[in-house]
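Novice: when you get a sec, could you give me coordinates for this:
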Amino acid sequence: MNKLVTDICFATSEILNPNPYLKYIKFIFADDKPNLNNQAIPYEEFANLRESAIGMPIKMRFLGKKGGAGNHSGSIPIGHIQGVAEATLEDGTHQLIAEGAIYADEYPEIVEYLEEAFAENDAPGISWEIAYKESIIEKGIQILKGVIARAATFVKHPAYGRRTALLALASDASLTEEEMEQQVVSLFSKEPEEIQGGTNNVDLEQAIAEIEKLRAELADKATEIETLSQTANRVEGLETTVAELTTKITQFETAVLVEDRTRKAVEAGIVLDTDAEKLAAKQGLWAAMSEELFESYVSDIAAVAKKAPVVKESASARPFTLPKISVDTSAGGVTTVGLKERMRGLSRPEDAE
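Specialist: Presented below is the predicted three-dimensional model:
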C-alpha cells in the first residue's frame, strides 16, 4: 500500500449537537480535479475515500502563532473527522465535504491561532493523507486507485492554492451557506495561473535546495573519507615498518643477550658443547631465563666448580716395576746384595706418592 499526501480546503457549517469543548469545522476533503502536483483521485474512488475517512484524525504541526502550521512531518492529531458528504459544482467537479471537530479544550492556542489567521485571511489549508494500492498515468496525471483515507492535516503550503483556502470557522457568522458555496465555486472556476497562495512547488524547490545541500555535504564526507583512507594506508605502512624494526631490535637484543650469557656461563666453569645444534638449544634456554634466574644459575655452577677437589697424578698411573737386583759372584757364589732392604722399600702402588 502506497502513501501520499496532498491538499484540501476548509469551510464551515452549522453542526448539530455542538459540544463546547470542541471546535466544529467543515472542509472540502477531496475533489476529482488534478492538483498542481499532477495528482488526481477519480470520482469512482470517492465511495472508498468517503467511508474510510470517518473517524480518521485531523492533524497539525503547530509552530506557534508566528510559525503557524508546519508540514506533514511531526504533525499530531488535534481532532477527528465526523462525517463526509458528496457535492457537485456547476462545472461538474465532484467534491467530498467533510465535517470534523477540533479538540478546543486540549489545544486552545491552536484554535485561537486558526481564528486569528482566518480573520487576517492568512489561515492554512488542509492537506489530505491517503494510502493507495496502485496508480496509473493518464495524459501526464497520476491517477490514484484503491485509495484509503489516513488523515486530514493543516499545512502551510497547500498544493491547490486558493482552492484550499480557509473559508470560515464554525462559530463565524460572516458567511451564509449560500455565500460560502458561491465562494467555493469561484475558487474552483479560476484558471491555474490565477491561483494565488503557496503550492507544493514551493516545497519542491525547498526539497531540491535541501537535496543539493545534502549532496554537497555528501561530497565533503566523501573527500574526508578519502583523506582518512589515505591516512589509514600511511598509518598501516608505518605500522608494518615499526613491526619490522621491532623484530630486528628483538633479534639484535637476543643475540647480544646470548653472547653475554654464554660468556658468563663459560666464566662460571661450564664447558660449551661442540655440537652446534645442542649449543644453540642450550643458549636459547639461557636467553629465555629471567636475569635473576640466570644469575642464580651461573652462581650455583661457579660454587660447585670451586668445591671440586684437585686431581693429582696417581702412582697407579705409573707402571709398577720391581727393583733391580744386584748379583754378586765375587765370593765364589751367587749372593744378593741388599735384597732384604730393597724389598722393604717396595710399597703398594696406592700408598706411593
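Novice: residues contacting stretch 279-291, please?
Specialist: Contacts to stretch 279-291, defined as C-beta atoms under 8 Å, 6 or more residues apart in numbering, come from residues T254, L257, V258, R261, T262, A265, L272, D273, F294, Y297. Backbone N, C-alpha and C define where each C-beta goes, glycine included.
Novice: pretty sure the last one is in a helix, no?
Specialist: Same thing as Y297. Yes. The assignment for Y297 (DSSP: H, G, I helix; E, B strand; the rest coil) places it in a helix.
Novice: and it, how many neighbours does it have?
Specialist: 18 (other C-beta atoms under 10 Å).
Novice: now the second one
Specialist: In terms of burial, L257 registers 17 neighbours under the definition other C-beta under 10 Å.
Novice: and the fourth one, by the same measure?
Specialist: Neighbours of R261 under the rule other C-beta under 10 Å: 20.
Novice: ok, the fifth one next?
Specialist: For T262, the tally of surrounding residues (other C-beta under 10 Å) stands at 17.
Novice: number the chain from 435, please
Specialist: From this message on, residue numbering opens at 435, which makes the last subject T696.
Novice: chain neighbours aside, what residue packs nearest to it?
Specialist: Spatial nearest neighbour of T696, chain neighbours left out: Q717 (5.8 Å); criterion: C-beta to C-beta, 6 or more residues apart in numbering.
Novice: against E701, how distant is that neighbour?
Specialist: Separation of Q717 from E701 (C-beta to C-beta, to the nearest Å) stands at 15 Å.
Novice: which strand runs longest in this protein?
Specialist: strand 510-522 (DSSP state E).
Novice: which element follows the lowest-mean-pLDDT helix or strand in the chain toward the C-terminus?
Specialist: Taking mean pLDDT, DSSP states H and E as the measure, the chain has strand 443-445 as its least confident helix or strand, at a mean of 44. Per DSSP states H and E, the first helix or strand lying C-terminal to strand 443-445 is strand 456-465.
Novice: circling back to that earlier point, between Q717 and E701, point out the one with more neighbours.
Specialist: Between Q717 and E701, counting by other C-beta under 10 Å, Q717 is the more crowded of the two (20 against 11).
Novice: ok but the more buried one is inside a strand, no?
Specialist: No. Q717: not assigned to a strand; according to three-state DSSP it is helix.
Novice: where do the strands sit along the stretch 435-584 of the chain?
Specialist: Along the stretch 435-584 of the chain, counting by DSSP state E, counting those that start in this stretch, strands occupy 436-439, 443-445, 456-465, 473-474, 491-494, 510-522, 528-537, 559-566, 568-572, 575-579, 582-589.
Novice: okay if I get these as CSV plus distance to L648 and mean neighbour count?
Specialist: Formatted as CSV, these follow (distance: least, C-beta to C-beta, whole Å; neighbours: other C-beta atoms under 10 Å):
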stretch, distance to L648, mean neighbour count
strand 436-439, 21, 15
strand 443-445, 33, 24
strand 456-465, 33, 25
strand 473-474, 25, 19
strand 491-494, 27, 23
strand 510-522, 27, 17
strand 528-537, 36, 22
strand 559-566, 24, 24
strand 568-572, 27, 11
strand 575-579, 25, 17
strand 582-589, 23, 24
